[in-house]
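A.B. asks: What would the 3D arrangement of this be:
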Amino acid sequence: MKSLKKTTRPAAQARKREPVRLPNALPPLDLPPGIRRPLRAVAGKQLCVAWTQCLLWIICTVCVLLLAQTGADFLLDLPWRTRLGLLVGDGLLLCGLIFRYGFMPWRKRLTLEQAALRAERHFPLFRSSLISAVQLARRPEGSSSLVAALLGQVTKRVSEVNLRRVIPAAHLLRLAFWAMVLMAVTGGSIRGFAPKSYLLLQRLCLFNVPLPTDTIVVPVSGDLAIPAGETIELAAKATGVIPRTGRIEIFFEGKPMQVISINPKPTTPELFSVRLQNVQQPLRYRFCLNDGHSPDFQVKLLHGPVLETVAFKQTYPAYTGLKPTEHSAGNLTLMAGSKLHIEGRASQPLQTAQIQLQKEGKSVEMKIGSDPKLAACEIAIPAKGLEGFSILLENTDGMKSQGNAFYRVEVIPDKPPEVVFSPGQPESASLVASAQPRLRFEVRDDFKVKQVFFCCQLAVNTPDGAAAPDVPAVKKIPLSVPKPAGILAFDYQWKSPSEFQGWKEGAIVNHWIEAVDDNDVTGPGVGRSPTRQWNVVSVEAKREELNAKLRKQAESLDDLSRTQEMLRKNVGDFLKYKGAR
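C.D. replies: Numbers count the residues shown, from 1 in each chain. Purely as a prediction, here's the structure:
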C-alpha cells in the first residue's frame, strides 16, 4: 500500500499542474438592425417624454408664478427688494425643474440592455430572449450557429410588436391640458387687464415703474444728493385721473412720518410740488396722488471734505543759515523771503485743493499725491501783502469744503543793518580845511553785514523865495569789510577830504554811514545812520572857538570853586551849632 501511494501521488500532482483549455472565444457580432433600431427608439422616446414633461412643467410653473406674483404686487405694492427676491426664487425653481426633468433623464438615458429589460417586462413573449440576444451579440459564447439562430428568432419577434409602447406617455396629455388652461388664463389676464398688466410685468422684471392705478404718479425730482442746509423742491406729475389735491409723505430717521398736503400749480394742474427749506438731515419721501403713489426716493446730504490734519514747515533763506522749522496749526509768524511747505490730509478723496491767499487775491494749486486724501504745496512768503491764507478743498463729487479755517500770518521782515556811533562824537562839529576827521562806530545786523560806505554831501542853503538849486552829488567811499559778520567795528579816518568838491572854508558837509546786508531774497537791506554835519572854518575861527571853550571851562571851574567854598562854610557853621547844644 505504501508503495502504491508513493507511485500514484506524483501522477495526481502532474495532472493538477496541466493548464485548463478553454474553447476559442468568438468575435463580437453586429446586433441586427431589426433589434437595435427598436431598442434605440425606446431610449429616444423615454428622453423625448422626459423633455416634453420638463417643458410642460416649466410652462405651468411660469404661468402660476406670473399670476400669483403680479396679483400680489398689485394688491401689496411689493418693494423692489422683495420683487428681486421673488425673481431670484423663480430662477432657482426653474433651474430645479430643468435639472430634475431635463438634465437627469439625459444623464440616465436608457442603454440597449436597459431598453431590452423594459421591453421584456412589458411583453412577456420575449421572456429573456431579448436581453440574451443583446448580450450574446456583444460577447458571443458557444456555437456561432446557435447564436445566429437566436438573433434571427428574436428579430422576428421584435418585428411583431411596437417596442415604443414600453414608454408610457398618457400622463403628458393631462399635463398638456393644464398647461394650455394656464396659458389661456395667463394670456387672457394680460390681454384683459392691459395696459396695467404690462406695467405689472415690467415691475416683475425689476423695472422702476409705478404701480398701475387710476392715477399714475410720474416722479420728477427722484433721488437727490444735496449739501446740508440747501432748499430743495420735490415734484411729481399725475397722469390718468388727475386729482385736485395730493400729499407727500416724508420720513426722517428716528422720527414719525410727516404728511404735507400739496396742491397743483395753477398753470400746470398735473404737476404737484413742495419746497423744503434748510434741509439738515437725510430723508425719504413719496408722493400719494388719488389711488396712486410713487416709489420711495432718498434725499442724501453731501458733506464737503474736512481738513483733518495740516502741517507747516518753514524753510529759511539760505543766507540766514537757519535750519527749517515746523509750525503747529494756528497763527503763523514767518520770515520774509522764506518758503512755507503746507501738507494737509482731508476726510474725503480730493479732486482739487488750493491755497487762497488773503489780500493778495491769488490762489496756489496744491498737488494731490498718490493718496487722494493728501495734498501739498509750497508758497513763498513776500515781504508785504500777505495777511493770511485759507485751504480750499473739493472732493470727487464736486463738493467744496465749508467754514475753512483762516491761518493768520505775521511776516517779520529782515531788518536792515543798524549803525551806532561811539560815545563822545558830536552830531555837529567845526573843522579846519586841513583836518582829517575821524569816525568811530559799529554796524550791527540780524545776520551778516556785507558792505559799509562812508557818504558825504555838500549842504546847500536856499534863501526864502529863491529857486531850489541842483542837489549836490553824494560821495560814497566803500570801507574795507574783511569778512561779512553780524557786528563790525570801525575806526575810520578820512584822510583826503580835500578831494571832495566843496571842501573849503565856509562849507557845510553832511555825512552819514550806509551799511548793506547779505539778503539776496527780499533785499538787500540798507541801513543808514542819522545825518551829521561838519562846518569847515578858518584857523582863526577855530582858534576863537577853542578859546571860547576854554573860557567857558574856566568859568565853570570858578563857579565850582565858589560852590565848594560855600559848602565848606555851611558845614562848619552846622558843626558849631551842634557843639553848642
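A.B. asks: Residue 201 is in contact with residue 74, correct?
C.D. replies: No. The pair residue 74 / residue 201 is not scored as a contact, 11.3 Å apart, by C-beta atoms under 8 Å. Heads up, the C-betas are built off the backbone N, CA and C, glycines and all.
A.B. asks: how is this protein carved up into domains?
C.D. replies: What automatic domain parsing lists as the domains of the chain is 33-189, 213-302, 307-412, 418-462+469-537.
A.B. asks: now the ones you listed in JSON lines, with mean neighbour count, mean pLDDT and distance to residue 561?
C.D. replies: Formatted as JSON lines, the domains of the chain follow (neighbours: other C-beta atoms under 10 Å; pLDDT from 0 to 100; distance: least, C-beta to C-beta, whole Å):
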{"stretch": "domain 33-189", "mean neighbour count": "15", "mean pLDDT": "85", "distance to residue 561": "118"}
{"stretch": "domain 213-302", "mean neighbour count": "16", "mean pLDDT": "89", "distance to residue 561": "92"}
{"stretch": "domain 307-412", "mean neighbour count": "16", "mean pLDDT": "89", "distance to residue 561": "57"}
{"stretch": "domain 418-462+469-537", "mean neighbour count": "15", "mean pLDDT": "89", "distance to residue 561": "26"}
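A.B. asks: Present those as TSV; the columns should include distance to residue 548.
C.D. replies: Converted to TSV, these look like this (distance: least, C-beta to C-beta, whole Å):
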stretch	distance to residue 548
domain 33-189	113
domain 213-302	86
domain 307-412	50
domain 418-462+469-537	11
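A.B. asks: out of those, nearest to residue 556?
C.D. replies: domain 418-462+469-537 (18.0 Å; C-beta to C-beta).
A.B. asks: what's the spacing between that closest one and its chain's center?
C.D. replies: With C-alpha atoms, centre = their mean, to the nearest Å as the basis, domain 418-462+469-537 stands 63 Å off its chain's centre.
A.B. asks: Show the contacting residues for residue 343.
C.D. replies: Neighbouring residues of residue 343 by C-beta atoms under 8 Å, 6 or more residues apart in numbering: 310, 311, 313, 374, 375, 376.
A.B. asks: For it, pull up the helix or strand it's in.
C.D. replies: strand 339-346 (DSSP states H and E).
A.B. asks: Beyond that strand, next helix or strand please.
C.D. replies: Immediately after strand 339-346, counting by DSSP H and E, sits strand 350-357.
A.B. asks: Quick check: closest non-adjacent residue to residue 284.
C.D. replies: residue 251 (4.4 Å; C-beta to C-beta, 6 or more residues apart in numbering).
A.B. asks: so who does that neighbour touch?
C.D. replies: By C-beta under 8 Å, 6+ apart, the contact set of residue 251 is 257, 258, 283, 284, 285.
A.B. asks: so residue 436 is in which element?
C.D. replies: Counting by DSSP H and E, residue 436 is part of no helix or strand.
A.B. asks: May I ask you to confirm that it is in contact with residue 495?
C.D. replies: Yes. At 5.2 Å, residue 436 and residue 495 qualify as touching, with contact defined as C-beta under 8 Å.
A.B. asks: Tell me the helix or strand right after the strand ranked longest in the chain.
C.D. replies: The single longest strand within the chain, with elements called by DSSP state E, is strand 438-458. Downstream of strand 438-458, the next assigned helix or strand under DSSP H and E is strand 474-479.
A.B. asks: now for that following strand, which elements pack on it?
C.D. replies: strand 438-458 (3 or more C-beta pairs under 8 Å, 6 or more residues apart in numbering; DSSP states H and E).
A.B. asks: phi, psi of residue 551?
C.D. replies: phi -60, psi -40 (degrees, to the nearest 10).
A.B. asks: how close does it sit to residue 545?
C.D. replies: For residue 551, the distance to residue 545 (C-beta to C-beta, to the nearest Å) stands at 11 Å.
A.B. asks: More neighbours: which of those two?
C.D. replies: Of the pair residue 551 and residue 545, residue 545 is the one with more neighbours under other C-beta atoms under 10 Å, namely 13 against 10.
A.B. asks: Mind pulling up the pLDDT for the more buried one?
C.D. replies: pLDDT, residue 545: 80.
A.B. asks: ok, back up a step: how much space is there between the residue nearest to residue 284 and residue 257?
C.D. replies: Going from residue 251 to residue 257 by C-beta to C-beta gives 5 Å.
A.B. asks: part of a helix, is residue 244?
C.D. replies: No. Counting by DSSP: H, G, I helix; E, B strand; the rest coil, residue 244 falls outside a helix, being coil.
A.B. asks: OK, contacts around it?
C.D. replies: 263, 264.
A.B. asks: same deal with residue 226?
C.D. replies: Here residue 226 is in contact with 232, 279, 299, 300, 301, 302 (C-beta under 8 Å, 6+ apart).
A.B. asks: And the next helix or strand past the host helix or strand of the fifth one?
C.D. replies: Under the criterion DSSP H and E, the helix or strand holding residue 301 is strand 297-302. Tracing the chain C-terminally past strand 297-302 and defining elements by DSSP H and E, one meets strand 307-315 next.
A.B. asks: other SSEs contacting the helix or strand where residue 564 lies?
C.D. replies: Using DSSP H and E, the secondary-structure element containing residue 564 is helix 539-580. If contacts are counted by 3+ C-beta pairs under 8 Å, 6+ apart, helix 539-580 sits against strand 428-432.
A.B. asks: helices or strands up against the longest strand of the chain?
C.D. replies: Under the contact definition 3+ C-beta pairs under 8 Å, 6+ apart, strand 438-458 sits against strand 418-421, strand 474-479, strand 485-493, strand 508-517.
A.B. asks: want to throw these into CSV with distance to residue 402?
C.D. replies: Shown next, in CSV, are the helices and strands packed on strand 438-458 (distance: least, C-beta to C-beta, whole Å):
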stretch, distance to residue 402
strand 418-421, 48
strand 474-479, 58
strand 485-493, 48
strand 508-517, 45
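A.B. asks: For residue 294, which of those strands is the nearest?
C.D. replies: Smallest distance to residue 294 across the helices and strands packed on strand 438-458 (C-beta to C-beta): 75.6 Å, for strand 508-517.
A.B. asks: so after the closest one, what's the next helix or strand?
C.D. replies: That would be, after strand 508-517 and using DSSP H and E, strand 526-528.
A.B. asks: Give me the sheet partners of that next one and which way each runs.
C.D. replies: Taking DSSP bridges as the criterion, strand 526-528 pairs within the sheet with strand 508-517 (antiparallel).
A.B. asks: just the angle between the strand it pairs with and strand 438-458, please?
C.D. replies: Inter-element angle recorded for strand 508-517 and strand 438-458: 110 degrees (by axes from the mean of the first three to the mean of the last three C-alpha atoms, to 10 degrees).
A.B. asks: between strand 508-517 and strand 428-432, how many degrees?
C.D. replies: Using the same axes, to 10 degrees, the direction of strand 508-517 lies 120 degrees away from that of strand 428-432.
A.B. asks: Dump strand 508-517 to CSV, restricted to CA.
C.D. replies: Extracted in CSV, the C-alpha atoms of strand 508-517 (Å, rounded to 0.1, in the frame of the first residue of the first chain):
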residue,chain,number,x,y,z
ILE,A,508,28.8,172.7,5.4
VAL,A,509,29.2,169.0,4.7
ASN,A,510,26.6,166.4,5.7
HIS,A,511,27.9,162.9,6.3
TRP,A,512,26.5,159.5,7.3
ILE,A,513,27.2,155.8,7.2
GLU,A,514,25.4,153.3,5.0
ALA,A,515,25.6,149.5,5.6
VAL,A,516,24.3,146.7,3.3
ASP,A,517,23.4,143.2,4.5
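A.B. asks: and the gap between the residue positioned nearest the centre of the chain and residue 371?
C.D. replies: The chain has residue 349 as the residue nearest its centroid, 1.6 Å off, counting by C-alpha atoms, centre = their mean. Per C-beta to C-beta, residue 349 is found 9 Å from residue 371.
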